[in-house]
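J.: what shape does this take:
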Amino acid sequence: MRMKWKLIFFLSLFGLAMAFATVFWLRMKIEPIFWLVIFVICAYIIAKNCSKWYFLHGFLVSLVNCFWITAVHIFFFHTYMGNHVNMAQKMADMPYSSHPLRLMAISGIIIGLVSGLILGLFAFIASKLLKKHKSDNSLIDE
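T.: Reported below is the predicted structural model:
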């Protein structure tokens, strides 16, 4: 199995950028729109640059994203919570609420796994769409 580790790392930099954006500027209401655009871009790039293991590449990108985002959110915990008051209120009712950094780490891993499944699926679907598009064009060129 030949994984494209550089590609995984560079695509995960979207996650690092989003980590800082969510701490300082981006609000939770519009964050999913940004993630959708990032997932579509990443899926396309994975499908274009990989010859197989599309799902696994997408999954691993999200796991590295999870690391970046969780680390930045924990490092800037007070700033993040100050800019996301609703999140702080929700966390007060959750298990481990007396250990908010631990709660953030656990939820970050869970979100990373779920988003990994989603990005992996996006990458797999993009690979099928690009192969279909390429084969459709080759029929026209003949």
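
J.: buried residues, the helix or strand of the chain with the lowest mean pLDDT. List them.
T.: For the chain, using mean pLDDT, DSSP states H and E, the weakest element among its helices and strands is helix 85-91, scoring a mean of 79. Buried residues in helix 85-91, defined by neighbour count with 16 or more other C-beta atoms under 10 Å: Met91. Yep, even glycine has a C-beta here, placed from its N, CA and C like the rest.

J.: pLDDT score for the spatially most central residue of the chain?
T.: With distances taken as C-alpha atoms, centre = their mean, the residue of the chain nearest its centroid is Ser62 (4.2 Å). Looking at Ser62, its pLDDT is 97.

J.: for it, give me its contacts.
T.: For Ser62, the contacting residues are Gly15, Gly112, Leu113, Ser115, Gly116, Ile118, Leu119, Gly120, by C-beta atoms under 8 Å, 6 or more residues apart in numbering.

J.: distance of the residue lying closest to the first one once chain neighbours are set aside relative to Leu130?
T.: Setting aside the residues directly before and after it, Gly15 is nearest to Asn65 in space (C-beta to C-beta, 6 or more residues apart in numbering), at 2.8 Å. For Asn65, the distance to Leu130 under the criterion C-beta to C-beta, to the nearest Å works out to 22 Å.

J.: quick one, which of these two is more surrounded?
T.: Each of Asn65 and Leu130 has its neighbours counted (other C-beta atoms under 10 Å); Asn65 has more, 28 against 15.

J.: check which helices and strands the top helix by length along the chain sits against.
T.: Longest helix in the chain, counting residues (DSSP state H): helix 100-141. Where contact means 3 or more C-beta pairs under 8 Å, 6 or more residues apart in numbering; DSSP states H and E, helix 100-141 is packed against helix 31-49, helix 54-75, helix 77-83, helix 85-91.
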